[in-house]
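*Asks:* need the 3D shape of this:
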Amino acid sequence: MTTPRAVVIGSGIGGLTAAVALCQSGWQVTVLERAPSLEPVGAGIGLAPNGQRALDVIGLGDDLRDLAAWQGDGGMRNPRGRWLARTSSAAAAERFGGPLVMVHRATLIDRIAGRLPAGTVRTDSPAELTDPGVAGGRPARVRTPEGELDAELVIGADGINSGVSRVLFPRHPGAAYSGFTTWRVVAPAPDHPFEPHETWGRGRLWGTQPLKDGRIYAYAAAVAPAGARAADDEKAELLRRFGDWHDPIPAIIAATEPDRVLRNDVHHLVDPLPSFHRGRTALVGDAAHAMAPTLGQGGNQAIEDGIVLAHHLTPGADLGAGLAAYSAERLPRTTAVVRQAAQIARLMSLTSAPAVALRNSLMSAVSRLGPGLVLRTFDGIADWQPPQRTYAAEAHQGPIPAQRQGRPL
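*Replies:* Predicted coordinates:
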């Protein structure tokens, strides 16, 4: 039997995860990336227990846990520093089978791409889907600067403004602006210790998380018109918006290099796509279900996509049935996560003083009733389990021993 060929357009987290899982399943995979290198944006990413379990399937979970900072106790604060809600890492690990861990995106991309055969990824190679193909019929077709490629499978992993998605569903309106913009920085740690936290103000949010190498990953969000940018630089904008908030926020902003501040408006697919596939072409990650970052699930859901897609596409099996099963499994789950993230984004975006006071009072009341109520936000999300493997993977055959760093997963 001829080895089936898959072409992945885009080398983000979801596309690379799908590529590794498909390679392990027996596919010949080519990843086409328009950028000149795989170097991702300089930001962190939280790997929730569901994302870690998905990475376990392709043998990468332990590697990332070893390289990541395990999140400790923390919680939510107001701009003056008062705790609104406390979180317990032990309670989260017990409820969801493992802790949240924080890793630099470059580390994650490097480790996933490192599991691919040499030559799989072609950088500086923009690609365009010209024909999604027909399952059981003609192959899908992709145009590149070097010529056209035919493939039994094409995966659109080309982000929020996905060209592949527009080809598959030209009448869909696409992602909508969420109403807020975000900043991300990686900076030296402050001199004094701190607890991980998110701080919620009036239409503004700041988060501070440690990385294992001693640096800090910080993120911020604020209600703003789409496309607005600072008149001077984004570090100065952070100082204007957050410079009078509690420690260690001002020190982190001060330690940040101005040209290292990343700013991006947030767009999300609140109007879900009708399907995640058409013909011989499938969508993963932001191309399929762009979401607000308020649940920290964008990358985790993309990793899940790659694992579930490969699970349903065993070489030699009915491709059309496999893609239909992928859409049927992933569309309802990711739609629910997108909507839940949007609900939390609306709470963050409140700007009137009475509404913010009520929101903060409710947060404090829920926190006093115990960590279980706070953690319920992630029920059905962080406790996800990957499908039974139908392909060879290097992952361990069973649960991680409970004695691993004292925390099970």
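*Asks:* point to the residue nearest the middle of this structure.
*Replies:* residue 299 (1.4 Å; C-alpha atoms, centre = their mean).
*Asks:* pull up the gap between that residue and residue 369, please.
*Replies:* Remark: distance between residue 299 and residue 369 (C-beta to C-beta, to the nearest Å) = 31 Å. For glycine as for every other residue, the C-beta is placed from the backbone atoms N, C-alpha and C.
*Asks:* the residue nearest to the centre of the chain belongs to a helix?
*Replies:* Yes: under DSSP: H, G, I helix; E, B strand; the rest coil, residue 299 falls within a helix.
*Asks:* so which elements touch the helix or strand bottoming out on mean pLDDT in the chain?
*Replies:* Lowest by mean pLDDT, DSSP states H and E among the helices and strands of the chain is helix 371-375, with a mean of 75. Contacts defined by 3 or more C-beta pairs under 8 Å, 6 or more residues apart in numbering; DSSP states H and E place helix 371-375 against strand 83-87, helix 89-96, helix 353-368.
*Asks:* picking that back up, the residue nearest to the centre of the chain and residue 51 touch, don't they?
*Replies:* Yes: Residue 299 is in contact with residue 51 according to C-beta atoms under 8 Å; the separation is 6.7 Å.
*Asks:* remind me which helix or strand residue 282 belongs to.
*Replies:* Here residue 282 sits within strand 281-283, counting by DSSP states H and E.
*Asks:* go ahead and name everything in contact with that strand.
*Replies:* 129, 132-133, 140, 153-157, 162, 164-165, 167-168, 273, 276-277, 309, 323, 326-327 (C-beta atoms under 8 Å, 6 or more residues apart in numbering).
*Asks:* out of those residues, which sit inside helices?
*Replies:* 164-165, 167-168, 309, 323, 326-327 (DSSP state H).
*Asks:* go through these and name the one nearest residue 46.
*Replies:* residue 309 (22.5 Å; C-beta to C-beta).
*Asks:* packing partners of whichever helix or strand residue 66 is part of?
*Replies:* Here residue 66 sits within helix 61-67, counting by DSSP H and E. Packing partners of helix 61-67 (3+ C-beta pairs under 8 Å, 6+ apart): helix 49-57, strand 101-104, helix 105-113.
*Asks:* can you give me how far the shortest one is from the chain middle?
*Replies:* Chain-centre distance of strand 101-104: 12 Å, with C-alpha atoms, centre = their mean, to the nearest Å.
*Asks:* which neighbours does it have in its sheet, and in what orientation?
*Replies:* Here strand 101-104 is paired, per DSSP bridges, with strand 44-47 (antiparallel), strand 69-70 (antiparallel).
*Asks:* pull the CA atoms of that strand into PDB?
*Replies:* Provided in PDB are the C-alpha atoms of strand 101-104 (Å, rounded to 0.1, in the frame of the first residue of the first chain):
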ATOM      1  CA  VAL A 101       2.300  24.200  33.900                       C
ATOM      2  CA  MET A 102       3.800  27.200  32.200                       C
ATOM      3  CA  VAL A 103       6.300  27.000  29.400                       C
ATOM      4  CA  HIS A 104       7.700  29.300  26.800                       C
END
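*Asks:* what mean pLDDT does that strand have?
*Replies:* In this model, strand 101-104 has a mean pLDDT of 95.
*Asks:* for the remainder of this discussion, apply numbering that starts at 628.
*Replies:* All right, first residue 628 from here; so that's strand 728-731.
*Asks:* what sits up against it?
*Replies:* 669-674, 679, 691-692, 694-698, 813, 836-840, 844.
*Asks:* same thing but at 10 Å, please
*Replies:* 667, 669-676, 678-679, 688, 691-698, 737-738, 813, 823, 836-840, 842, 844, 923, 1034, 1036 (C-beta atoms under 10 Å, 6 or more residues apart in numbering).
*Asks:* stretch 977-997 too?
*Replies:* Contacts of stretch 977-997 (C-beta under 10 Å, 6+ apart): 702-705, 709-715, 718, 827-831, 849-850, 974-975, 999-1001, 1003-1004.
*Asks:* give me the distance between the two termini of stretch 759-774.
*Replies:* The first and final residues of stretch 759-774 sit 17 Å from each other (C-alpha to C-alpha, to the nearest Å).
*Asks:* meant to ask about stretch 918-930, not that
*Replies:* 14 Å.
*Asks:* now swap in stretch 971-984 and tell me
*Replies:* End residues of stretch 971-984 are separated by 16 Å (C-alpha to C-alpha).
*Asks:* which residues does residue 779 contact?
*Replies:* 629-634, 654-655, 760, 762, 766-767, 907, 940, 942, 946.
*Asks:* of these, buried ones?
*Replies:* With neighbours counted by 16 or more other C-beta atoms under 10 Å, the contacts of residue 779 contain buried members at 631-634, 654-655, 760, 762, 766-767, 907, 940, 942, 946.
*Asks:* including distance to residue 896, could these go into TSV?
*Replies:* Output for the buried ones among the contacts of residue 779, formatted as TSV (distance: C-beta to C-beta, whole Å):
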residue	distance to residue 896
631	29
632	29
633	24
634	23
654	27
655	31
760	24
762	24
766	28
767	22
907	22
940	23
942	31
946	25
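*Asks:* run a quick neighbour tally on the nearest residue in space to residue 638 that is not next to it in sequence.
*Replies:* Leaving out its chain neighbours, the residue that sits closest to residue 638 by C-beta to C-beta, 6 or more residues apart in numbering is residue 660, at 3.9 Å. Residue 660 is flanked by 24 other residues according to other C-beta atoms under 10 Å.
*Asks:* look up phi and psi at residue 660.
*Replies:* phi -120, psi 130 (degrees, to the nearest 10).
*Asks:* that one contacts residue 635, doesn't it?
*Replies:* Yes: contact criterion C-beta atoms under 10 Å: residue 660 and residue 635 qualify, at 8.9 Å.
*Asks:* overlap in contacts of the two?
*Replies:* Counting by C-beta under 10 Å, 6+ apart, the residues touching both residue 660 and residue 635 are 642-643, 748, 754, 784-785.
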